[in-house]
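Chemist: any chance you could fold what I've pasted below:
(2 chains)
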Amino acid sequence: MPGAVPPYRRVQRHRPLWMLAPGAVLTILVVVVPLVVALHISLLDLDQYSFRQWVRAPFVGLANYTEAVRASGTVHAIVLSTSYAAIVTVVTLPIGVAAALATQDRFRGRGLVRSIFLVPYVLPAFVVGTVWRIILQPDGVANGLLARLGLDGGLWLNGPRSFWALVVVQIWASWPLLYLLALAGLQAVDPVLHEAAALDGAGWWTKLRYVIFPHLRGPVSLAVIIAFLHNINNFTLPFVLFGVPSPRDVEVLPVLTYVESFQNFRFGLSAAMAVLSLVLIAVPLAAYLRAVRLDVGPDGAAEGSRP
Amino acid sequence: MTAKRVLSVLSGAIVLAATLTGCGSDSGSTSGGETLNVLIGANTIYPEQQRKWFADISARFQRESGATVEFETFASPNDELTKIQTSVLSGQGPDIYAIGTTFTPTVYATGAFLELTPDDWTKLGGRDRFLPATLGISGPDRDHEVGVPFTTRPFVMAYNRELLTAAGIDKPAESWDGLREQAKRLSTGGRYGMAIGYADSFDPWKFIWAMSLQAGNPLVGDGKARLDEPVVRTAYQTYLGWLATDKVVDPAAVGWKNAQAIAAFGAGRAAFLPMVSATSKVTLDASAVAGKYGYAVMPTIPPGATARPGGGQDATSILSGDNLVVAKYTRQRDLALALVKLLTSPEQQRDYYQTFGELPTDASAAAALQADPALAAMVDSSARSVATPFSGAWSQVQLALVNVVVQSVPGLSAGRVDDARLGTLLTEAQSSAQAALDKAK
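Modeler: Have a look, this model is predicted:
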C-alpha cells in the first residue's frame, strides 16, 4: 500500500541531541569499555601469575583464539550449545503457542491456569537445577516412574543421555517465555477479526491458520530469537545439574568459559572464548535487531505484530 | 548470560581497578578507630555460632587493640575466588583471608599476599608453636610462606561398628585391598560395604592422590606431571572398580556428592564411609547410626600391595584445613598480624574446636585434645597428613584428576572399568596437567 505512507514530520532541526549524553556515557561505561577491555584481555596471556599486574601480562596476539579453537573443547562446546539451544527452541515453540491459545478464551479458573503456567519461568534457575538434579538421580523419582513402566532409567546426569536431560529440563523451564509472548500477541488481535472470521463461517483451524497465525508471526519470531539467546547463554542450569568438571556431553560453552576462567585461571583464554561466543550470539541478535526495526518501520507493513 | 557475566566480572573489576589507581591514594584511611576486614567461609552447619563467634572476636580485639574487626563471609569457593580476584586487581578489599589449604598455592601464585618474615613469625608468637604437619602448605619453601595454619580438618573414614561386629570384623583394614575384601563381606542384605560420592567435585582426586602417593608417586614433581603412570591407573581402577566390578558400592552412588554418601552411611546403608572430616560428626550424630559408628584412619597401603613399597608415603589424608593469609595491600600490617595471632592462639583454637569441631593447629592446643578417644583417629590423621604439591597449577591438576572420574562414570554400568578408555582419559589428563605446569612460574 504505497499510497498510504504518512508524511514524515520535519522535526530534524533543533533536536536537543545533548540530552542523549547521559545514555551515551552509560552505554560507553557499561557496554563499550568492558567489551574493549575483554577484547584486550583476549589478546593477553593473563593467568593467576600475571593477574595482579594485568597490564603487564604478555601480549600473545591471537594465540588464545587459536588455542580456543584447536586445543580446548570450544568447537565441541559451540556445536553442543547451538544444537541444544535449537532443539529446545523448536520444541518450546508449539508448546508455548498452544498454551497461549488454550488460555486465550475466558473460562473459570483461567487466571489460576495462567499463573501455574508461569511457575517454571519464575523459579530461579538454581532452584530448577537443584530440584531436577534430585529428580534425575540414578535412584530418583524419574527412574522410579520409569521402572514402574518396566523401563530401565539408567544414568541421566552423565553420559550420552545427559544431553537429553539438559534439553528436557530446559524445555520445562523455558517454554513459558514463548507462552507469555504468544499470549501478548494474541491479546493484541482485534476482536473484530474474530467476529469477521465467525461471520464468514471459518472453522477453528481455518481461523487459526489464516487469521490468527499471521498476527502472531511478529511477536512469536521475536520470542523465538530471545528464547534461543537465553538457551545458548544458559549457564546456571547445566552448572547446577551436572557440576564441574562437566560430563563431556553437556560441556556447553558458558560452562567451559567459566571453568577456564574460574577453575583454570586462564583469563586470556576464557576471554577469547567469551568473545567467540559473543560472535555466535551476534548472529541471531542481528536477526533480532533487524526484526525489531522492520516492525516499527514507517510503512506499517508489520502492523499487528507489535511485540 | 554467562559469557557476558564472565566478561563483566573480569572487566568490571579491571575498570574498577583502573579508576581506583587513577584516583590514587587520596581516598586514604580515615584515621582513628581502625577497621580490619576478614573474609572467611560461611559456616553452614553452625551459622548462629559463627555469628556469635564473629561478635566475640570483634569485641575481644577491640579491647586489646582498639581496632574493630569486620567479618565478611563467602558461600562457596567460587565466591571466594571472585572476591580474591577483584581485591587482588583493585588493590583493596579484606585485610585477612581464610583460605583452604589446597587453594593456598594458587593464592601464593598471584603474589598478592604477605610473605612472612622471621620477624613476622615472631609477632605471631613463633613458627614453632604450630603443628609441623599443618605448616606443610604455607609456602613453596620455608623462606616464602604466606599461610598461617588456622584450622585443620584431616580426612578419616567412618565405619559402622555394629555392621562390622556382625560380620566378625574387629577393625577396618590398613590396606586398600584389605578394605575391599572387608567391604565385599559387608555388602549383603541391601547394604553396601562403602558409601562413595562419585559425583563430588572434589572427593575423587583425594582418593587417587592418596593411593598414588602411598605407591610412591606424588603426581607432580619438579614441574613434571606424572598422571599417566601405572600406579595412577591402578588407583583409578581400584576406585572405580569398587562400584563397577566389586559391587561394594550402591550403583546410585554415581550420582552422589559427598553429602549424599554421608546420608547413605547415616541411614545405615553402608558400612564404611571413607574421606570425611570431623564436620561429618554433626550429621552422623543426628542420624540413625548415632552412637554406633567410629572413625579410623584410611588405609595407607596402596592397592595391589600388602606392604607399603619403598618410596611410598604414609599419607592418611591430604593436608586439609584453612590458612590465614594477609593481603599485601593492607594498610594495617601489624594490626592484621596481631589479629592472626589472636585467632591462632591456643585459647582461641580450643574455643574454635569446641564451637565448630575443627581441630587446632597450635601444638599445645592439639596436644590437649589427644586424650579424647573420639578424636584419636583425627588427631592421628592430622599428624600423618601430607601436603598436596605446592604449585600454582595444582587447581588444574585437581580438575584434570576429577575429570577422569566424571568421564569414566557412564561406562561403569557395563560392569567393568574400560582399560582403553581409562588410558585415553589419563593421557588427556596428563597433557592438560603438564600444560598447566609448564605455565607455572
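Chemist: tell me the domain boundaries of the chain?
Modeler: Assuming you mean chain A. A:16-61, A:63-295 (automatic domain parsing).
Chemist: that's the wrong chain, I wanted chain B
Modeler: Using automatic domain parsing, the domain ranges for chain B come out as B:2-146+B:321-383, B:156-317+B:390-439.
Chemist: of those domains, which shows the lowest average pLDDT?
Modeler: In terms of mean pLDDT, the lowest-scoring of those is domain B:2-146+B:321-383 (a mean of 83).
Chemist: centre of the chain to that domain, how far?
Modeler: Mean-position distance between domain B:2-146+B:321-383 and its chain equals 15 Å (C-alpha atoms, centre = their mean, to the nearest Å).
Chemist: ok, now stretch B:161-180?
Modeler: Distance of stretch B:161-180 from the chain centroid (C-alpha atoms, centre = their mean) equals 26 Å.
Chemist: mind listing what's buried in that stretch?
Modeler: For stretch B:161-180, a neighbour-count test (16 or more other C-beta atoms under 10 Å in any protein chain shown) marks B:Arg161, B:Leu163, B:Leu164, B:Ile169, B:Pro172, B:Ala173, B:Glu174, B:Ser175, B:Trp176, B:Asp177, B:Leu179, B:Arg180 as buried. All C-beta atoms are positioned from the backbone trio N, CA, C, and that covers glycine.
Chemist: is it correct that the fourth one falls within a helix?
Modeler: No: if the criterion is DSSP: H, G, I helix; E, B strand; the rest coil, then B:Ile169 is coil and not within a helix.
Chemist: picking that back up, pipe the domains of chain B into TSV and attach distance to A:Met19 per row.
Modeler: Output for the domains of chain B, formatted as TSV (distance: least, C-beta to C-beta, whole Å):
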stretch	distance to A:Met19
domain B:2-146+B:321-383	25
domain B:156-317+B:390-439	50
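Chemist: quick check: buried residues in stretch B:239-252?
Modeler: Buried, per 16+ other C-beta under 10 Å, within stretch B:239-252: B:239-244, B:246-252.
Chemist: let me have those residues in CSV, extended by secondary structure.
Modeler: Below are those laid out as CSV (three-state DSSP):
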residue, secondary structure
B:Tyr239, helix
B:Leu240, helix
B:Gly241, helix
B:Trp242, helix
B:Leu243, helix
B:Ala244, helix
B:Asp246, coil
B:Lys247, coil
B:Val248, coil
B:Val249, strand
B:Asp250, coil
B:Pro251, helix
B:Ala252, helix
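Chemist: how about the strands of the stretch 1-150 of chain B, start to end?
Modeler: Taking DSSP state E, counting those that start in this stretch as the criterion, the stretch 1-150 of chain B carries its strands at B:35-41, B:68-74, B:96-100, B:148-152.
Chemist: just name the most buried of these.
Modeler: Highest mean neighbour count among these (mean count of other C-beta atoms under 10 Å in any protein chain shown): strand B:148-152, with a mean of 26.
Chemist: just give me how far it sits from the chain centre.
Modeler: Offset of strand B:148-152 from its chain centre (C-alpha atoms, centre = their mean): 11 Å.
Chemist: same for it, what does it pack against?
Modeler: Packing contacts for strand B:148-152, counted by 3 or more C-beta pairs under 8 Å, 6 or more residues apart in numbering or on different chains; DSSP states H and E, involve strand B:321-326, helix B:346-356.
Chemist: report the angle between the first one and strand B:35-41.
Modeler: Between the direction of strand B:321-326 and that of strand B:35-41, the angle (axes from the mean of the first three to the mean of the last three C-alpha atoms, to 10 degrees) works out to 160 degrees.
Chemist: now tell me what touches strand B:321-326 from outside.
Modeler: Strand B:321-326 is contacted from outside by B:41, B:95-101, B:104, B:107, B:113-114, B:134, B:137-138, B:146-154, B:333, B:336-337, B:340, B:343-344, B:358-359, B:361, using C-beta atoms under 8 Å, 6 or more residues apart in numbering or on different chains.
Chemist: now whichever helix or strand comes after it - C-alpha only, CSV.
Modeler: Moving toward the C-terminus from strand B:321-326, the next helix or strand (DSSP states H and E) is helix B:333-343. Taking Å, rounded to 0.1, in the frame of the first residue of the first chain, the C-alpha atoms of helix B:333-343 are listed here in CSV:
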residue,chain,number,x,y,z
ARG,B,333,50.0,-4.9,58.5
ASP,B,334,50.9,-5.1,62.2
LEU,B,335,47.3,-4.9,63.3
ALA,B,336,46.5,-7.8,60.8
LEU,B,337,49.3,-9.9,62.3
ALA,B,338,48.0,-9.2,65.8
LEU,B,339,44.6,-10.5,64.8
VAL,B,340,46.1,-13.6,63.2
LYS,B,341,48.0,-14.2,66.4
LEU,B,342,44.8,-13.9,68.4
LEU,B,343,42.9,-16.2,66.0
